[in-house]
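[1] Let me see the structure of the following:
(chains A and B)
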Amino acid sequence: KNEVEQSPQNLTAQEGEFITINCSYSVGISALHWLQQHPGGGIVSLFMLSSGKKKHGRLIATINIQEKHSSLHITASHPRDSAVYICAVHYNTDKLIFGTGTRLQVFP
Amino acid sequence: DAGITQSPRHKVTETGTPVTLRCHQTENHRYMYWYRQDPGHGLRLIHYSYGVKDTDKGEVSDGYSVSRSKTEDFLLTLESATSSQTSVYFCATTQGDQPQHFGDGTRLSIL
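    Next up is the predicted model:
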């Protein structure tokens, strides 16, 4: 049973649209990560957060500890944002538990 | 970014042969991890290391062994490869309460 659930599994958008990807987890965590994986490529860490909100360029990550939920938002989406976005959590260990990812395609 | 090099990047081999994948890092990170990535699954931890000669099992460790004789190198060995071990393997490192840095992956096919 995967303890990290992401939705949606697949997402298509037109360039310029606002995008939201959701992540929920089952018990208390020490930190949550958002990662990006381009087709055929490696994995890059976007955010690591344990409370509140973080912003980097057009990407915004939020977390609600009480709701056990995090969202990744992309404003003014662009075709180069097409990738798989992965949520992962630390359950008070040195190890991460990963979601299965959300595949995003942004069309011009 | 942590300099992480995985080798080989691609490998095709036959069932029953031994295979060793290498992860090399230049950032002196304490923690190193081996994951496998398969369709329909999130990244799954095979083994990890929290220091030289200190390793522990992850959730999918059966059929795999690891060694870490130096800080910079973490080796993953399949003693007798099986078709179920066909996958993409990622190495990652971190110093502790920091995001993990990932290698570019090794695509392993076992025929």
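[2] The one helix or strand B:F90 maps to - contacts with which helices or strands?
    Assigned by DSSP states H and E, B:F90 belongs to strand B:87-94. Here strand B:87-94 touches strand B:4-7, strand B:19-25, strand B:31-37, strand B:73-78, strand B:101-102, strand B:106-110, going by 3 or more CB pairs under 8 Å, 6 or more residues apart in numbering or on different chains; DSSP states H and E. Where C-beta positions appear, they are placed from N, C-alpha and C, glycine not excepted.
[3] Switch those over to a markdown table; also include mean neighbour count.
    Output for the helices and strands packed on strand B:87-94, formatted as a markdown table (neighbours: other CB atoms under 10 Å in any protein chain shown):
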| stretch | mean neighbour count |
| --- | --- |
| strand B:4-7 | 18 |
| strand B:19-25 | 19 |
| strand B:31-37 | 24 |
| strand B:73-78 | 19 |
| strand B:101-102 | 22 |
| strand B:106-110 | 18 |
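[4] Of all the ones you listed, which one comes closest to chain A?
    strand B:101-102 (4.0 Å; CB to the nearest CB).
[5] Need the contact partners of the closest one.
    With contact meaning CB atoms under 8 Å, 6 or more residues apart in numbering or on different chains, strand B:101-102 is reached by A:35, A:42-45, B:1-2, B:4, B:27, B:29, B:90-94.
[6] Now do that strand, average pLDDT.
    For strand B:101-102, the mean pLDDT works out to 94.
[7] roughly how far is the helix or strand of chain A with the lowest mean pLDDT from the heart of the chain?
    Within chain A, no helix or strand scores below strand A:96-98, which has a mean of 91 by mean pLDDT, DSSP states H and E. Distance of strand A:96-98 from its chain centroid, counting by CA atoms, centre = their mean, to the nearest Å, is 12 Å.
[8] helices and strands around it, which ones?
    With contacts taken as 3+ CB pairs under 8 Å, 6+ apart, strand A:96-98 sits against strand A:83-90.
[9] partners of the strand it packs on, with directions?
    Sheet pairing for strand A:83-90, assigned by DSSP bridges, gives strand A:31-37 (antiparallel), strand A:96-98 (antiparallel), strand A:102-107 (antiparallel).
[10] Spit out the contact partners of B:R44.
    Contacts of B:R44 (CB under 8 Å, 6+ apart): A:F98, B:Y35, B:R36, B:Q37, B:D38, B:G58, B:E59, B:V60.
[11] Name the member of those with the shortest distance to B:L78.
    B:L78 lies nearest to B:R36 out of those, by CB to CB, at 10.8 Å.
[12] what's near enough to touch the closest one?
    B:L43, B:R44, B:I46, B:V60, B:Q85, B:S87, B:V88, B:Y89, B:F90.
[13] Filter these down to the buried ones.
    For the contacts of B:R36, a neighbour count by 16 or more other CB atoms under 10 Å in any protein chain shown gives the buried set as B:L43, B:R44, B:I46, B:V60, B:Q85, B:S87, B:V88, B:Y89, B:F90.
[14] Against chain A, how distant is the first one?
    Yep, that's B:L43 we're talking about. 4 Å (CB to the nearest CB, to the nearest Å).
[15] For that residue, list the residues it contacts.
    For B:L43, the contacting residues are A:I43, A:I86, A:A88, A:L96, A:F98, B:Y35, B:R36, B:Q37, B:F90, by CB under 8 Å, 6+ apart.
[16] Good, wrapping up.
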